[in-house]
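Undergrad: Okay, here's the prediction I keep looking at, along with the sequence it came from:
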Amino acid sequence: MLNQIKKSSSRSMFLLLSITLACGLFAAGCANDLDDSDKGNNSANNTSVNNSQPEPDASTPDDSGNTEETYANIVHEKSAEGWTHTTVDSSDAEKWIYLQLSTGAQTDVSDPATATNWDLAFRRFSILVNGGVSGPSNVEIAHVEGVSFESITQVPADTEFRTDVEGEPDERGQNPGLAFQIDETWYDYNGATHELTPRDRIYFIHASSGEYYKLQFLDYYDQAGTSGFVQFKWQEIDAPEDTETPEEPETPEEPDTFPVLTSTFDASSSEAFVYVQLKTNEEVAVEDAAASEDWDIAFQKTTSLVNGGVSGPGNVAIAHVDEVDFAEVTKDSADNFRTDDEAAGDAFKADSNWYAYDMSTHTLSPRDRVYIVQSASGEFFKLQFLSYYNDAEPPAAGHITIKTQQLD
């Protein structure tokens, strides 16, 4: 009799311990679903080392015409009707799983804040979109309720999209500003059973590639009842009616690499030269022209010097081309370069001076000529004399106007 009592007592203790252990494991499972320790973090910290698109592990058609495509954490079953059933294994609370909708690929992402090769990211029940505070690609979503997945072929014209924004973390540390958290979460949570059930709604997704998709969540559990296996079906649909496909921009004409500069210099003094630097087409102060490389050309009345040869140490040389439009002149338009070899002003006097003199009117006018100048800094410029007089009445001589432009 005593032995029977002992056996009965042992069975009771074993049953009590089993129930206690089962309850503990169930509570722990529920805690993992809605109490992840790092849910307040919007950025998807993954251990991937690059931003790439891996090939699927397998792609196999079945007898019904459906095709299965498998990645490390994502499985697609493409139906004959055109939509895709996707299962994302996001059960690891420490790892984000990235999906690119245009290719269906699970992508590797090293920095979600800068990567453009993903649209949605999954970690258990948390979902990010590649936009706003979560990524650079401007992915946005919207949703409708009470309509069937099959009935939707186009995004309604008045749809208001949203993306991930920063919100005040809630009591579970989640960011309520995430697009899939706004206007209630994508799931309904039953506090009594500790189960997640997808809401009866269809999401519209404007992806990073520009296409639009419809998406409906189906489940959060696999066939064994394990949580963290997000299931949904999705399909590309037409853009809203008022959405215009952007036209390819016309290739703009290549602008001039350097600006055309026009300046007038008062070289009317008989006592001093005006020194000019072609890079800026401005006058520069020079204490000792014979020792300075800060200037390229100099003017005094009709005399023009180059900083080379007998006039300076800059090795400036010039060549010219006649009767060619200024805009058409390039560095290769002439090769007859020369400097002030024997006397100041020799370079501009060679092959007739830069101006022509009219004996009948006693006026001076620039020749139809463009000079190519290799400057003291070694760069090339084109230069054209425009006038020798200012705008006064009567016009005063010795006011030289030139335009210049640096050449490639």
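TA: All right, it came through fine. If you're wondering where the values come from, they're calculated on a predicted model, not measured in any experiment.

Undergrad: What segments of this protein are helices?
TA: Ranges of helices in the chain, per DSSP state H, are 2-34, 346-349.

Undergrad: Tell me which residues of the shortest one come out buried.
TA: Applying a neighbour-count criterion of 16 or more other Cβ atoms under 10 Å, one finds 346, 347, 348 buried in helix 346-349. For the C-beta atoms, the positions are set from N, CA and C on the backbone; glycine is no exception.

Undergrad: Which of these sits closest to residue 126?
TA: residue 347 (75.3 Å; Cβ to Cβ).

Undergrad: so the closest one sits right up against residue 339, yeah?
TA: Yes: using Cβ atoms under 8 Å, residue 347 is in contact with residue 339, at 5.3 Å.

Undergrad: Out of the buried residues of helix 346-349, which one has the lowest pLDDT?
TA: By pLDDT, residue 346 ranks lowest within the buried residues of helix 346-349, coming in at 92.

Undergrad: Give me the distance between that one and residue 144.
TA: To residue 144, residue 346 is 84 Å away according to Cβ to Cβ, to the nearest Å.

Undergrad: again with residue 69
TA: Counting by Cβ to Cβ, the gap from residue 69 to residue 144 is 28 Å.

Undergrad: Have a look at the two and say which one is more surrounded.
TA: With neighbours defined as other Cβ atoms under 10 Å, residue 69 and residue 144 compare such that residue 69 has more, 19 against 14.

Undergrad: Give the closest residue to residue 154 in space, chain neighbours not counted.
TA: Excluding its sequence neighbours, the residue lying closest to residue 154 (Cβ to Cβ, 6 or more residues apart in numbering) is residue 238, at 3.9 Å.

Undergrad: Can you pull the phi and psi angles for the closest residue to residue 123 other than its chain neighbours?
TA: Spatial nearest neighbour of residue 123, excluding adjacent residues (Cβ to Cβ, 6+ apart): residue 96 at 4.8 Å. With angles defined as degrees, to the nearest 10, residue 96 sits at phi -90, psi 140.

Undergrad: so residue 96 touches residue 124, yeah?
TA: No: using Cβ under 8 Å, residue 96 makes no contact with residue 124, being 10.0 Å away.

Undergrad: rewinding a little: any idea which of the helices of the chain has the lowest pLDDT on average?
TA: When I compare the helices of the chain, helix 2-34 is least confident, with a mean of 40.

Undergrad: and residue 279, what does it touch?
TA: 375, 377, 379, 406 (Cβ atoms under 8 Å, 6 or more residues apart in numbering).

Undergrad: Return the residues in contact with the second one.
TA: Taking Cβ under 8 Å, 6+ apart as the definition of contact, the neighbours of residue 377 are 279, 293.

Undergrad: ditto for the first one
TA: By Cβ under 8 Å, 6+ apart, the contact set of residue 375 is 278, 279, 296, 314, 316, 381.

Undergrad: between these, which is nearest residue 185?
TA: Of these, the one sitting nearest to residue 185 (Cβ to Cβ) turns out to be residue 279, at 62.9 Å.

Undergrad: From what I see, residue 201 and residue 142 are in contact.
TA: No: using Cβ under 8 Å, residue 201 makes no contact with residue 142, being 10.1 Å away.

Undergrad: now the strands: where do they sit in the stretch 251-400 of the chain?
TA: With strands called from DSSP state E, counting those that start in this stretch, the stretch 251-400 of the chain shows them at 261-266, 274-277, 282-283, 297-300, 303-306, 317-322, 355-358, 363-366, 369-374, 380-389, 397-406.

Undergrad: Show the average pLDDT along the last one.
TA: Mean pLDDT, computed over strand 397-406, is 96.

Undergrad: what helices or strands is it leaning on?
TA: strand 261-266, strand 380-389 (3 or more Cβ pairs under 8 Å, 6 or more residues apart in numbering; DSSP states H and E).

Undergrad: Check those for me and report the most buried one.
TA: strand 380-389 (a mean of 20; mean count of other Cβ atoms under 10 Å).

Undergrad: That one: how far from the chain's middle?
TA: Distance of strand 380-389 from its chain centroid, counting by Cα atoms, centre = their mean, to the nearest Å, is 42 Å.

Undergrad: same thing with stretch 109-127?
TA: Using Cα atoms, centre = their mean, the offset of stretch 109-127 from its chain centre is 18 Å.

Undergrad: For it, which residues meet the burial criterion?
TA: Using 16+ other Cβ under 10 Å as the test for burial, stretch 109-127 gives 109, 112, 115-127.

Undergrad: Quick one: mean pLDDT over that stretch.
TA: Average pLDDT, stretch 109-127: 95.

Undergrad: For it, what is the spacing between the initial and final residues?
TA: In stretch 109-127, first residue to last residue: 15 Å (Cα to Cα, to the nearest Å).

Undergrad: Check stretch 90-105 too.
TA: 15 Å.

Undergrad: Let's check: the centremost residue of this structure is which one?
TA: By Cα atoms, centre = their mean, the mean C-alpha position of the chain lies nearest to residue 136, the distance being 8.6 Å.

Undergrad: Give me the local confidence score for that one.
TA: You'll see residue 136 listed with a pLDDT of 96.

Undergrad: One more: residue 59?
TA: Looking at residue 59, its pLDDT reads 56.

Undergrad: likewise the one 4 residues further on?
TA: Per-residue confidence at residue 63 stands at 57 (pLDDT).

Undergrad: where does the stretch 101-250 of the chain have low pLDDT?
TA: 168-175, 243-250 (pLDDT under 70).

Undergrad: ok, which stretches of it are strands?
TA: Along the stretch 101-250 of the chain, counting by DSSP E, counting those that start in this stretch, strands occupy 105-107, 120-123, 126-129, 140-145, 187-190, 195-198, 201-206, 212-221, 227-237.

Undergrad: picking that back up, which residues does the residue nearest to the centre of the chain contact?
TA: Per Cβ under 8 Å, 6+ apart, neighbours of residue 136: 113, 114, 115, 116, 130.
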